[in-house]
Every structure is written in C-alpha cells, then in structure tokens.
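Predicted model follows, preceded by the sequence.
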Amino acid sequence: MTDDLLRYRSEFPILERTTYMISNSLGAMPRAVYDAMKGYADTWATRGVRAWDEKWWMLAVEVGDEIGAIMSAPRGSVSTHQNVAACQAVVASCFDFSGKRNKVVYSDMNFPSVMYFWEAQRARGARVHMVKTDDGITVPTERLLDAIDEETLLVPISHVIFRSAYINDAKAIIEKAHKVGALVVLDTFQSLGTVPVDVQALNTDFACGGVLKWLCGGPGVGYLYVRPDLGKKLEPTLTGWFAHQNPFGFEVGPTRYADPPFRFMNGTSHVPSLEAARPGVKIVNEVGVARIREKSKRQTARLIELADQKGWRVNTPRDPEKRGGTVSIDMPDSKEVCAELLKREIMVDWRPKAGVRMSPHFYNTDQELEIAIDSVEEILKERSVAVR
C-alpha cells in the first residue's frame with residue numbers, strides 16, 4: 001500500500017532510531033525545532049529588548065491562530081497558556097459559583113489534572129457532580145446528559161478519553177448543555193491533530209488542550225478557544241498585564257480588558273515554547289487532520305486485530321467512529337512489558353486501568369505495528385521462561 005504521509009518521516013529525527021508509538025503522550029519532535037530554537041536565541045542575543053516589539057509580543061496570538069486553524073476556530077479566538085489546567089482556571093475565573101446555578105458536571109474518565117482543578121473549586125462554592133464509567137472504557141452518555149440540568153453552570157469534558165481513546169459524543173453534550181443554559185469546556189488534548197475537531201460546527205463554548213501530543217509541539221503551550229460572542233463579554237479574574245487594553249500604560253488600579261484573545265491571557269508569554277510549537281503545528285496543518293484520521297483508523301484497527309490474535313485484552317472501543325488514535329492493550333504483566341519495550345527503543349507508555357498504550361501517528365509505518373506487537377510476544381515468552 002502506498003502511504004503518501006510517510007514522506008514526512010524524515011522531518012522527525014527520533015524515527016530514525018526508535019519505533020515511536022506514543023504520540024498521544026509526547027509527539028515526535030520535528031527537525032525544524034532546532035532552527036526555531038536557534039532563531040529564538042539569535043533574536044534574543046542580537047535584538048535584546050527590541051524583540052518584544054519586533055516579534056515576541058504578537059507571537060502568542062500568531063501561534064493561537066495557527067492552532068485555531070486546525071479546529072476551524074475564527075482568527076483571534078484562541079489564546080495560549082502553559083497547560084490545560086491553566087486554561088480551565090482562566091475559564092473558571094469568569095464565573096461566580098455562589099448562586100443556584102453552580103453545578104459542574106464531568107466524567108471520572110477525564111484526565112486527572114482537570115478533575116483535581118474542578119474538585120478544588122468546591123472551595124469557591126461549586127457543586128461537583130462526577131458521572132462514573134461502567135466499564136472503564138466508555139462514558140455513559142445518557143447518564144451524563146441526565147446530570148446536566150438547569151442548575152448546571154459548566155460541563156468540563158474530554159473529547160477523547162486518555163485511558164481508552166473513547167470519543168465522547170461532544171455534539172450531544174453541547175446541545176443538552178445549551179438547552180438548559182449551561183456551558184461546555186471541551187478538552188481536545190487527545191483529539192486535536194488526530195480526530196477532526198470543528199469548534200464552530202460543534203458550537204462549543206470553550207475548547208482547550210495542548211500541543212505536546214498529536215500536534216508535535218512540545219511541552220509548555222496550551223490553547224484556549226473561547227466562542228467569539230462569549231469572548232466579548234466574559235471577564236476572567238485570573239488575569240494580568242497582557243489582558244489589559246493598554247499594557248504599556250502601566251495604569252494603576254483595575255484592568256480594562258483587551259479584546260480577545262489577549263483578554264484571556266494573563267502574565268508574560270512563554271516565548272521559547274511558542275517558538276518550539278510552530279513546526280509541528282505547521283506540519284499537521286499541511287498534512288490535514290482528515291488524512292491523519294483515515295490512516296489512524298486503519299492502523300488502530302490493525303493493532304486491535306493483532307492484539308486479538310494474541311488473546312490480549314483491548315481497553316479501547318472497537319467501533320472506529322468511537323475510537324481516537326490510541327489502542328490500550330492490557331496484556332499479562334503489562335507494566336513490566338512496557339518497561340522492557342522502552343529498553344528496546346519501542347516508545348509506548350503504561351497507564352493504570354488501561355495497560356500499554358500504543359498510538360501510531362501519520363509518520364508511523366504499518367511494519368512498526370507488527371514490530372511492537374511481536375516484541376511484546378517475545379518479551380512475554382522470555383518472562384515465562386524466566387519464571388520457570
């Protein structure tokens with residue numbers, strides 16, 4: 001089979017020496033990051049403080065727009081932050097939890113960092129309602145929808161579940177929330193870059209995530225989309241000088257909010273991380289998520305088929321339309337197997353209640369799927385011999 005996407009393999013140095021199957025945790029670094037980091041250093045070294053006016057001040061907006069293009073967000077609607085917890089904190093700071101509408105509904109399949117944040121909002125008056133999974137793989141959609149009522153303020157929910165790659169029915173969740181006057185904070189960390197996301201078509205109120213996984217952008221850059229009509233009127237209390245209408249006026253007293261996306265920023269932006277993020281985001285925009293998704297569905301289906309042949313438990317949906325870019329395989333001694341795979345330069349990871357997560361991306365070959373699974377079988381045989 002001819003795979004046109006493999007022409008991008010040469011852009012990622014680590015693929016030359018590893019079987020890189022863990023892009024849902026940390027995407028492979030594009031070669032162009034070397035030049036991006038040198039460009040940052042050269043600018044700082046030669047332009048000094050002038051770099052802010054000449055390039056750095058608008059960098060956060062430019063990178064936000066580049067990320068936004070992948071999810072069909074209007075220009076100027078995506079701000080950049082350090083991570084998803086910070087993004088969700090900015091959203092939460094726009095709201096008062098002291099009234100009757102103070103309920104927060106989410107799933108126990110959300111990423112723990114998000115759970116920890118919203119649980120902490122109980123101190124601000126939030127009534128947190130957690131909808132629990134029945135099978136450790138899926139989110140019970142009807143139960144989640146039932147929990148969203150007229151007293152619900154916010155629904156922070158993962159688009160794709162990190163443990164199982166289950167795709168939540170974001171459209172249904174958003175429609176129910178809007179029907180009762182609630183707002184949705186859609187965490188697209190595990191979807192953007194491998195599953196199509198259109199924030200305008202979904203009509204989500206907020207979307208957040210980071211570039212370090214499927215967007216191959218490295219750590220240190222989170223993104224926050226705010227629906228434009230909301231962006232014009234919300235006033236985050238987690239704020240800073242970047243959010244002020246006249247930041248270089250250094251005015252004393254309360255903030256006068258700038259227009260989005262600056263309105264949702266706060267302190268000085270993280271310039272090196274923003275520079276490092278651009279090459280990966282550029283490549284994903286060039287490749288196109290539709291093509292990435294087509295290949296992902298095929299390769300994840302093959303991983304499931306191979307795992308089934310070995311008799312290993314798969315903790316990922318089998319329906320490709322409900323499955324993101326990861327296959328979680330719980331073979332015997334899965335944690336130990338993961339450690340041994342890493343020693344063999346097969347990049348995967350392990351998570352509790354999931355097993356070994358394998359996440360092929362557009363740059364992976366079909367042969368690498370076979371290599372990973374065959375290596376697991378070899379490790380298990382060696383462990384069996386050792387036990388005897």
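Looks like it came in fine. Numbering: from 1, shown residues only.

drop to CA atoms for contacts and neighbour counts, all remaining ones
Fine.

And for Arg143, nearest residue in space, chain neighbours not counted?
Leaving aside its sequence neighbours, Arg143 sits nearest to Val131 (CA to CA, 6 or more residues apart in numbering; 7.1 Å).

For burial, what's the neighbour tally of the one you found?
Val131 has 19 neighbouring residues, counting by other CA atoms under 10 Å.

I'd guessed it sits against Met115; true?
No - taking contacts as CA atoms under 8 Å, Val131 lies outside contact range of Met115: 11.7 Å.

Give the residues shared as contacts by those two.
Counting by CA atoms under 8 Å, 6 or more residues apart in numbering, the shared contacts of Val131 and Met115 are Asp108.

about what we covered before: beta-bridge partners for the residue nearest to Arg143, please?
Beta-bridge partners recorded for Val131 (DSSP bridges): Ser107.

What distance do you get for it to Ile174?
In this view, Val131 and Ile174 are 16 Å apart by CA to CA, to the nearest Å.

what's the answer for Arg263, then?
Counting by CA to CA, the separation of Arg263 from Ile174 is 24 Å.

Likewise for Arg50?
Distance of Arg50 to Ile174, given as CA to CA: 44 Å.

Comparing those two, which shows the higher neighbour count?
For Arg50 versus Ile174, neighbours defined as other CA under 10 Å are more numerous around Ile174 (22 against 12).

Secondary structure element for the more buried one, which one?
Assigned by DSSP states H and E, Ile174 falls within helix 170-179.

what packs against that helix?
Where contact means 3 or more CA pairs under 8 Å, 6 or more residues apart in numbering; DSSP states H and E, helix 170-179 is packed against helix 141-147, strand 183-187, helix 199-202.

Let me have the ones you listed in JSON lines, extended by mean pLDDT.
Formatted as JSON lines, these follow (pLDDT from 0 to 100):
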{"stretch": "helix 141-147", "mean pLDDT": "98"}
{"stretch": "strand 183-187", "mean pLDDT": "98"}
{"stretch": "helix 199-202", "mean pLDDT": "98"}
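
for those, which one sits closest to Pro254?
Comparison of the helices and strands packed on helix 170-179 against Pro254 by CA to CA identifies strand 183-187 as nearest, at 26.8 Å.

From the chain's centre, how far out is the closest one? Work that out for me.
13 Å (CA atoms, centre = their mean, to the nearest Å).

Name the surrounding residues that touch it.
Strand 183-187 is contacted by residues 88, 153-160, 170, 173-174, 177, 204-209 when judged by CA under 8 Å, 6+ apart.

Narrow those to those in strands?
Among these, the residues falling in strands (DSSP state E) are Leu153, Leu154, Val155, Pro156, Ile157, Ser158, Phe206, Ala207, Cys208, Gly209.

Comparing the helices and strands packed on helix 170-179, which comes out most buried?
Ranked by mean neighbour count, these are led by strand 183-187 with a mean of 25 (mean count of other CA atoms under 10 Å).

what inclination does that one have with respect to strand 206-210?
For strand 183-187 against strand 206-210, the angle by axes from the mean of the first three to the mean of the last three CA atoms, to 10 degrees is 20 degrees.

Give the partner strands of strand 183-187 in its sheet and their orientations.
With DSSP bridges as the test, strand 183-187 is paired with strand 152-158 (parallel), strand 206-210 (parallel).

Which positions in the first one come out as buried?
To tie it back to what came earlier, the one meant is strand 152-158. Neighbour-count burial for strand 152-158 flags Thr152, Leu153, Leu154, Val155, Pro156, Ile157, Ser158 (criterion: 16 or more other CA atoms under 10 Å).

Show me the beta-bridge partners of the residue nearest to the first one when sequence neighbours are not counted.
If I follow you right, that is Thr152. For Thr152, ignoring the flanking residues on the chain, the nearest one in space by CA to CA, 6+ apart is Lys103 at 4.3 Å. For Lys103, the beta-bridge partners under DSSP bridges are Arg127, Thr152.

ok, now which ones touch Lys103?
Going by CA under 8 Å, 6+ apart, Lys103 touches Phe97, Ala126, Arg127, Val128, His129, Glu151, Thr152, Leu153, Leu154.

ok, how many other residues are close to Ser113?
Ser113: 10 neighbours (other CA under 10 Å).

surely it meets Ala85?
Yes - in this structure, Ser113 is within contact of Ala85 by CA under 8 Å, at 6.6 Å.

Mutual contacts of the two, please.
By CA under 8 Å, 6+ apart, no residue touches both Ser113 and Ala85.

What mean pLDDT does stretch 364-380 get?
Average pLDDT, stretch 364-380: 97.
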